[in-house]
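sequence first, predicted coordinates after that:
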Amino acid sequence: MKFGLGGYQEEELKKQKDIRLLARFVPLLTKNITMIVFSILLMVLLSLLDIVVPFVTRMVVDDYIMPSMADPDKSRYLMGAFWGGIALFGVALARLIFSFIQIMVMEYAGQRMMHELRIKVFSHIQALPVSFFTKNTVGRLATRVTNDIQNMQEMFTTVITFVMKDLFTLTGIIIIVVAMDVKLSLALFFVIPLVIFSTWFFSRYSRAVFRRLRANIAEINSMFSESTGGIRVIQLFSRQKQMMEQFKEINHENYLAGVSQVKIFGLFMPVIDLLSSFALAIVIFYGGGRAVSEALSLGTLVAFISYTKMFFRPVRDLSEKHNVLQNALSSGERITQILDKKVDETGGELALDGLKSLEFKHVGFAYTPGEDILKDISFELNAGESLAILGPTGSGKTSLINLIVKFYPRNRGEIRINGKDIDDYTTWALRNKIALVTQDPYLFSGTIRDNIVPPGTIMDTATLDAILERSHVRSLIDHMPKGLDTVLSQGGSSLSSGERQLISIARAFAREPHLIIFDEATSYVDTESEEKIRLATEKLKENRTSITIAHRLRSAMTADRIMVLKDGEIIEYGDHGTLMAEKGFYYHFQTLDKD
Ligand SMILES: Nc1ncnc2c1ncn2[C@@H]1O[C@H](COP(=O)(O)OP(=O)(O)OP(=O)(O)O)[C@@H](O)[C@H]1O
């Protein structure tokens, strides 16, 4: 089933068997099994207390009230009725206490389980390959770690124990009514097939509606986060109306699904009420007749009426819990869908100690099968050499870089570092020793220091000072209210893109990388910042191997080798002199840039 609009659509779900789906979450339960079992035992006790009430009533009616009517000495019976009342009050008090303990224990266990599940989902998402995030929006993933996990918690806390209680109560009632009067209990059981049929009918439809609702909520979240993320562009290009239209459409889908849910519930509950009244009518008609002819005691009839009413409470309850269960199952499906996504396991065992060579051999790559973005790329870069990559927009420059840092896996050919396949190195070691300075670097929310010094590293002041000096970030930090300890907003949005780039160059210095990959900014950076960035990157590249996606004449000219890409192919390769002599793309780039 697909809903809403293209960009915000949820991935199609594979329908899983409920039991198999629930089994996936059993390990969470087993870790908290003591609390769960305790809570279930309390629930059993609570349902016993429920069942006992009509029984006590029956005793009071049959043993004290009825005999008192025919006896002139009524005082003999008063004490019995009094103690009956006290017993009922005692039962109510015990219910309150046990119920409080049960809720506390179960909620505690539920919180613990969800805490663990949330961590599991979060860490799994963190380990997923970059390609996953281009297909799954922030909003959609946020729904997974918030709403969906909340739904699962509700299932664990309410469904498990309440279903146990309800089933126990139903069984208890059935046993007790059969023991009291077989004939009258058959009259009550007459409606059970009808109850089962309507519950089955209801559950069939409600699951589909719940799935639609979940998908719609995720789409709303997803569209909301994307539209707020891009609010500047939306406002600048006056796209609010269009966004509003899209939102209205998604919201309308959600409304329709909500209405379907209401319809199903609106129908089901009255049907169950009708069946309950029907059963009651049969009990009163048949039981009443037998009581009149004294084949049945009045106390038993009164107890029967109570049990009939009580019988339908768990049925109603079960259907309501069924609701929670359906909701949780559709959330569970989406959580397992994420947990089933394969994390990148291509990493090997090797550490990366220094860089002697980087080699591409006939490398081919496509984001979508059949649509080649890089074709037959071969080149070699030795220690300390610099490579400048040039090419028109969309020619595959960024894609080539993405393969080196393993954001995406290559489809063909070999990529070797120091003669070994890049998959032989641990992904962590590889990324740790390759510094990628992007055009618009991402800074973490936290202090500037946290952004520069790698996590878990203790860096002495002299080293840090030298880094700040070499990356030309010193004057920027001196202007900050708390210097290195100034807290940045998320993504470093309070800084200019040039400032962000300088901090990310300092971050690169701190890791002492073997390979520098630098994506030169195409957007406007003021002359002063540009000069600082140029000096900082030159220092960073000193005595290191580097690759620059070059947009400036100077960076291209000074590189040891220059590669020109067009439509995913290398069309020119060599040093400045050679390529100028070829009078191709590079030659024209040089002459154009000079103008
Ligand atoms: N995640 C992706 N999924 C599918 N196609 C993609 C993805 N990223 C890039 N592409 C496509 O791959 C091609 C090469 O893109 P790439 O970003 O590598 O080019 P580029 O040379 O770096 O361009 P620019 O100079 O504009 O940054 C483009 O046609 C682009 O549309």
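Received it, and whenever you're ready, just let me know what you need.

so what are the domain limits for this protein?
The chain breaks down by automatic domain parsing into domains covering 6-339, 357-594.

which of those sits closest to the ligand?
domain 357-594 (3.2 Å; Cβ to the nearest ligand atom). For the C-beta atoms, the positions are set from N, CA and C on the backbone; glycine is no exception.

distance to the ligand, mean pLDDT and mean neighbour count for the domains of the chain - can I get that in TSV?
Shown next, in TSV, are these (distance: least, Cβ to the nearest ligand atom, whole Å; pLDDT from 0 to 100; neighbours: other Cβ atoms under 10 Å):
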stretch	distance to the ligand	mean pLDDT	mean neighbour count
domain 6-339	4	84	17
domain 357-594	3	86	17
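
between the ones you listed, which one is nearest to residue 346?
Comparison of the domains of the chain against residue 346 by Cβ to Cβ identifies domain 357-594 as nearest, at 4.7 Å.

the strand or helix carrying residue 467: how far from the chain's middle?
Per DSSP states H and E: residue 467 is located in helix 461-470. How far helix 461-470 lies from its chain's middle: 40 Å, per Cα atoms, centre = their mean, to the nearest Å.

then stretch 138-146?
5 Å.

what's in contact with that stretch?
10, 118, 121-122, 125, 217-226, 229, 334-335, 338 (Cβ atoms under 8 Å, 6 or more residues apart in numbering).

which residue sits closest to residue 338, ignoring its sequence neighbours?
Excluding its sequence neighbours, the residue lying closest to residue 338 (Cβ to Cβ, 6 or more residues apart in numbering) is residue 144, at 5.8 Å.

so which elements touch the helix holding residue 467?
With contacts defined as 3 or more Cβ pairs under 8 Å, 6 or more residues apart in numbering; DSSP states H and E, helix 461-470 has these neighbours: helix 448-452, helix 497-510, helix 527-541.

switch to 7 Å and redo it
If contacts are counted by 3 or more Cβ pairs under 7 Å, 6 or more residues apart in numbering; DSSP states H and E, helix 461-470 sits against helix 497-510.

what angle separates the helix holding residue 467 from helix 527-541?
130 degrees (axes from the mean of the first three to the mean of the last three Cα atoms, to 10 degrees).

tell me the angle of helix 461-470 relative to helix 497-510?
Helix 461-470 runs at 140 degrees relative to helix 497-510, counting by the same axes, to 10 degrees.

in PDB, could you pull the C-alpha coordinates for helix 461-470?
Provided in PDB are the C-alpha atoms of helix 461-470 (Å, rounded to 0.1, in the frame of the first residue of the first chain):
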ATOM      1  CA  THR A 461      47.700  22.900  25.300                       C
ATOM      2  CA  ALA A 462      50.900  23.300  23.200                       C
ATOM      3  CA  THR A 463      49.600  20.800  20.600                       C
ATOM      4  CA  LEU A 464      46.200  22.400  20.500                       C
ATOM      5  CA  ASP A 465      47.700  25.900  20.200                       C
ATOM      6  CA  ALA A 466      49.900  24.700  17.300                       C
ATOM      7  CA  ILE A 467      46.800  23.300  15.500                       C
ATOM      8  CA  LEU A 468      44.800  26.500  16.000                       C
ATOM      9  CA  GLU A 469      47.800  28.500  14.600                       C
ATOM     10  CA  ARG A 470      48.300  26.300  11.600                       C
END
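
got the contact list for that helix?
Identification of contacts with helix 461-470 by Cβ atoms under 7 Å, 6 or more residues apart in numbering yields 452, 474, 477, 506, 509, 510, 536, 539.

next up, the contacts around the third one.
When you say that, I think you mean residue 477. Applying Cβ under 7 Å, 6+ apart, the residues contacting residue 477 are 448, 468, 483, 484.

the last one contacts residue 446, correct?
Meaning residue 484. No - when contacts are counted by Cβ atoms under 7 Å, residue 484 is not listed as touching residue 446 (11.3 Å).

next secondary structure element downstream of whichever strand or helix holds residue 563?
Element membership of residue 563, judged by DSSP H and E, is strand 561-566. For strand 561-566, the succeeding helix or strand toward the C-terminus, using DSSP H and E, is strand 569-574.

and the next helix or strand after that next one, C-alpha only, in CSV?
Moving toward the C-terminus from strand 569-574, the next helix or strand (DSSP H and E) is helix 576-582. Provided in CSV are the C-alpha atoms of helix 576-582 (Å, rounded to 0.1, in the frame of the first residue of the first chain):
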residue,chain,number,x,y,z
HIS,A,576,49.6,21.4,-15.6
GLY,A,577,52.0,21.6,-18.5
THR,A,578,50.8,18.5,-20.3
LEU,A,579,47.1,19.4,-19.9
MET,A,580,47.7,23.0,-21.1
ALA,A,581,49.4,21.7,-24.2
GLU,A,582,46.4,19.4,-24.9
